[in-house]
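In: sequence and predicted structure, then a few things I'm wondering about:
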Amino acid sequence: MLLFGRLADVAGWRERDIPASSLADLRGRIAAEDPTLFEALQAPAVRTAVDQEMVTLDVSLQPGSEVAFLPPMSGG
Amino acid sequence: MLLFGRLADVAGWRERDIPASSLADLRGRIAAEDPTLFEALQAPAVRTAVDQEMVTLDVSLQPGSEVAFLPPMSGG
Amino acid sequence: MTQAPFDPGLALGEFCRDRRETGAVASFTGLARAEAGQTTLLELEAYPGFTEREIGRHEAAAVARFGLQDVLIIHRTGPIPPGEAIVFVATAAPHRRAAFEGCDFLMDYLKSRAPFWKKETGPDGARWIEPTDRDRDDLARWETQ
Amino acid sequence: MTQAPFDPGLALGEFCRDRRETGAVASFTGLARAEAGQTTLLELEAYPGFTEREIGRHEAAAVARFGLQDVLIIHRTGPIPPGEAIVFVATAAPHRRAAFEGCDFLMDYLKSRAPFWKKETGPDGARWIEPTDRDRDDLARWETQ
């Protein structure tokens, strides 16, 4: 699981291995462990990518799947 | 008197001293000497500058005045 | 993408070289601003792999939409002090309108939709920058055309 | 104005240097096109003194209208072979919209209103180029705003 931008500041980390069978399962595990991070991930502006593809619904995860939470983007 | 762009090609020269008391007088002298050039200078897209200022009406000329005829411009 | 400082002039010089059918090259360089001492450092974060792929998709869209002959995008990541270049975009086209519009389109995308996250550090601490309403308006121009 | 070839990359590099409060630099480079062999040479004529003064007036208008911090205009005259730069415009501003619009405005002016005359020479002889309808439409955008 990867966190970017302010989400990494909220969590205090940017990358961790977390066992989970689906995105919903992963969110449940975060809610139990760090409610503040869970709250931050629920913000509508935060988008989710699984294996570098954007997803909007729940999806199942395989061992080794890469889940990234992306807050509002700002480049240039 | 200065000619630019295609006007210089029409006349076969780009710069000449011509004695004239006004812009109208200058045009008259050109009409007598080179009717084709006179015709080309009359085109509505051709603009006239006297001493590097654009003019639209007849103006009187002093010895040493610089009259320039400017066809449609195209830079860059 | 590069972590190292880059010279936008060298990039433009290289991009313009040996073009016999390009009439127009537009470029944009984004520089880190000091904000009168309020910003001492910018930090740009990307999602390696994903960011390049997303930029590549938009580059291809710009080429098709504006009939561009060529595009160059350089985006720096990591810490960037004031005065240094963050981003450089150059577009080549036969005529100027396509070059300008392609460059403008890509910059609007990079500013508010490309996967980068930007943090400003100043005397009062650090904050993450999010797209402004202006950025969203700029981007919306391309959707209504 | 210059009769000699110039490098747009060097010009941009110099223009971007030591800017701590400029967020945005837009540039445009116009290159001579070969037109698949139909154009072997461009020739640009100016009215020395008058041309510089007219360009200076429009530069000042662009600075005031778009809030530009700085402008650089280089325009080559004389014979120009395909692939070489004819014109370079760079604009500096705090934000990108002003930089882009100022650059676009100045190029529209230079293309169809600045005192230059352009002759294309090819295998079928030479012809003087006049502004196209497109150029006139581009210029009109700035009058109706």
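Out: Yep, that arrived.
In: near chain C, which residues of chain A show up?
Out: Counting by C-beta under 8 Å from any C-beta of the partner chain, chain A comes close to chain C at A:2, A:4-6, A:9, A:45, A:49, A:52, A:68, A:70-76. Bear in mind the C-beta positions are built from the backbone N, C-alpha and C, glycine included.
In: from those, pick the one nearest chain D.
Out: Lowest distance from chain D to the residues of chain A next to chain C (C-beta to the nearest C-beta) belongs to A:Gly76, with 7.7 Å.
In: wait, that closest one touches C:Leu106, no?
Out: No. Counting by C-beta atoms under 8 Å, A:Gly76 does not reach C:Leu106; the two are 9.6 Å apart.
In: report pLDDT for the nearest residue to C:Gly122 once chain neighbours are set aside.
Out: Once flanking residues are discounted, C:Gly122 sits nearest to C:Gln38: 4.6 Å by C-beta to C-beta, 6 or more residues apart in numbering or on different chains. Here, the pLDDT recorded for C:Gln38 equals 88.
In: picking up where we left off before, could I have the buried ones of the residues of chain A next to chain C as PyMOL selection syntax?
Out: Here is the PyMOL command that selects only those of the residues of chain A next to chain C that count as buried (16 or more other C-beta atoms under 10 Å in any protein chain shown):
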select buried, chain A and resi 2+4+5+6+49+68+70+71+72+73+74+75+76
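In: where is pLDDT lowest across the residues of chain A next to chain C?
Out: Per-residue pLDDT puts A:Gly76 lowest of the residues of chain A next to chain C, at 80.
In: that one: what's it in contact with?
Out: C:Gly30, C:His75, C:Ile86, C:Val87, C:Met107, C:Leu110, C:Lys111, C:Ala114, C:Phe116, D:Arg96 (C-beta atoms under 8 Å, 6 or more residues apart in numbering or on different chains).
In: so who does the third one touch?
Out: The contact partners of C:Ile86, taken as C-beta under 8 Å, 6+ apart, are A:Gly75, A:Gly76, C:Gly30, C:Leu31, C:Ala32, C:Leu42, C:Leu44, C:His75, C:Arg76, C:Ile80.
In: that one: what secondary structure?
Out: Recorded secondary structure, C:Ile86: strand (DSSP: H, G, I helix; E, B strand; the rest coil).
In: not counting its neighbours along the chain, what's nearest it?
Out: Per C-beta to C-beta, 6+ apart, closest to C:Ile86 is C:Gly30, 4.6 Å.
In: beta-bridge partners for the one you found, please?
Out: Taking DSSP bridges as the rule, C:Gly30 bridges to C:Val87, D:Ala24.
In: surely it is in contact with D:Gly23?
Out: Yes. Checked against C-beta under 8 Å, the pair C:Gly30 and D:Gly23 is within contact range at 6.5 Å.
In: between the two, which one's more packed in?
Out: C:Gly30 (25 against 21; other C-beta atoms under 10 Å in any protein chain shown).
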